[in-house]
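K.L.:
generate a structure from the sequence data that follows.
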Amino acid sequence: MAPDPQCTAVAAAKQKSGTPIGLSYAAIAAKIGSTEQHVIDICTSAKQPTAAEFEALAKALGITSPLPSNTSHTAQSA
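P.N.:
The predicted structure follows:
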């Protein structure tokens, strides 16, 4: 079983994807053109996403609210 995301907004978006079991990491990865493991790493804070990955994840999950200002929601520096 994949670990739970660190971000509560991601966790909520995964659960309300329209299916009884929610949206899987694999499905999110397919939506953003990445690998399942990379999405897991980003969502569990094992890796820091780029700004483009943040945007792609938010779009894939239907998250429209601004990102909180904390270390879990910081993109890699360019």
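
K.L.:
how far is stretch 47-61 from where the chain is centred?
P.N.:
Relative to the centre of its chain, stretch 47-61 is centred 6 Å away, using C-alpha atoms, centre = their mean, to the nearest Å.

K.L.:
buried residues in that stretch?
P.N.:
Buried residues in stretch 47-61, counted by 16 or more other C-beta atoms under 10 Å: Q48, P49, E53, F54, A56, L57, A58, A60, L61. All C-beta atoms are positioned from the backbone trio N, CA, C, and that covers glycine.

K.L.:
tell me what whichever strand or helix holds A11 is packed against?
P.N.:
A11 is part of helix 8-15, with elements assigned from DSSP states H and E. Contact here means 3 or more C-beta pairs under 8 Å, 6 or more residues apart in numbering; DSSP states H and E; on that basis helix 8-15 packs against helix 51-61.

K.L.:
average pLDDT for the helix it packs on, rounded please.
P.N.:
Helix 51-61 shows a mean pLDDT of 87.

K.L.:
name the helices or strands packed onto that helix?
P.N.:
Helices and strands touching helix 51-61, as assessed by 3+ C-beta pairs under 8 Å, 6+ apart, comprise helix 8-15, helix 25-32, helix 36-43.
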